[in-house]
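Participant: Build me a model:
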Amino acid sequence: MKKTKKYELILFDADDTLFDYKASEEITLKATLAKYKAQKNDHHSYYLRYKQINHQMWQKFSQNQITLQELRTTRYEILLAQEPHINIVDFSEDYVKKFAECSHLLENAWEICSYLKQNYKIGIVTNGITYTQKIRLKNSALYPLIDFMIIAEEVGIAKPNPKIFEIACQKAGHQNKNTIIMIGDSLECDIQGGIDFGIDTCWMNPEKTKNATKHKPNYEISNLKELLNFL
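Facilitator: Here you go, the predicted model:
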């Protein structure tokens, strides 16, 4: 039986939903640590610590506790506190430039977006840094498949604020919330943000973590190919 098409506009988060953020993060950090000759810890230990710090900083940003500029420097000030010879501003700038060169996609990202492009309008809504997100998308195989991208830094509003989804709908020229779905890996930013805006949501949960929060998506997937079960 042919599936009834419910949705018309699909909104994706970028990192850890379409792009392999973790792989890009590890490659970039280790390369930057090597360039600046960080010595107090081995690079893998630094990476594990950085993942924790970076996650905390992005949470604070989404909760309007810090600015994006503060995020960009504070995470390295904490990480490299024992490396006084490293200029934090220079390190941060080099990291961002190297990260922008990483356009690694998650498994099935291109295949699924290529399929969806035939019947849906596709947009990205991201809290990421403008410089990196634009370059990564343009250098990836997804570029011709994505109709538009809304970046928090550009519009001055970050997920989970519902207004950023409103901006995405305006960009798409699409106002029927019943035919819009937001897909992302963050329960707090992507899922609750979408719920607050009044659209359906799908949680990208590759590790199949139990959802013990109040944020309840309409769908849950562990791989992008599972989107075909309802799209």
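
Participant: Pull out the buried residues from the longest helix along the chain.
Facilitator: Counting residues, the longest helix found in the chain (DSSP state H) is helix 43-62. For helix 43-62, the neighbour count (16 or more other C-beta atoms under 10 Å) marks 43, 46-47, 50, 54, 57-58, 61-62 as buried. No exception for glycine: its C-beta is placed from N, CA and C like everyone else's.

Participant: quick one, what contacts Asn176?
Facilitator: Glu8 (C-beta atoms under 8 Å, 6 or more residues apart in numbering).

Participant: same thing but 10 Å
Facilitator: Asn176 makes contacts with 7-9, 169, 199, as judged by C-beta atoms under 10 Å, 6 or more residues apart in numbering.

Participant: Ok, Tyr143 next?
Facilitator: Counted by C-beta under 10 Å, 6+ apart, Tyr143 has contacts 103, 136-137, 149.

Participant: ok, now Cys102?
Facilitator: 19-21, 23-28, 31, 132, 135-136, 139-140.

Participant: Also Met57?
Facilitator: Residues in contact with Met57, defined by C-beta under 10 Å, 6+ apart, are 65-66, 68, 70-76, 78.

Participant: Any quick PyMOL command for the buried ones out of the contacts of Asn176?
Facilitator: A single PyMOL command is used to select the members of the contacts of Asn176 judged buried by 16+ other C-beta under 10 Å:
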select buried, resi 7+9+169+199
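
Participant: Report the two of the contacts of Asn176 separated the most.
Facilitator: Tyr7 and Cys169 (12.9 Å; C-beta to C-beta).

Participant: Dump the contacts of Asn176 into TSV; add distance to Asp15 and pLDDT as well.
Facilitator: Below are the contacts of Asn176 laid out as TSV (distance: C-beta to C-beta, whole Å; pLDDT from 0 to 100):
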residue	distance to Asp15	pLDDT
Tyr7	22	96
Glu8	25	97
Leu9	20	98
Cys169	22	98
Ile199	20	98
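
Participant: quick check, nearest of the contacts of Asn176 to Pro162?
Facilitator: Closest to Pro162, out of all of the contacts of Asn176 and judged by C-beta to C-beta, is Ile199, at 9.3 Å.

Participant: Derive a PyMOL selection command for the buried subset of the contacts of Cys102.
Facilitator: The buried residues among these can be selected in PyMOL (16+ other C-beta under 10 Å) with this line:
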select buried, resi 19+20+21+24+25+26+27+28+31+132+135+136+140
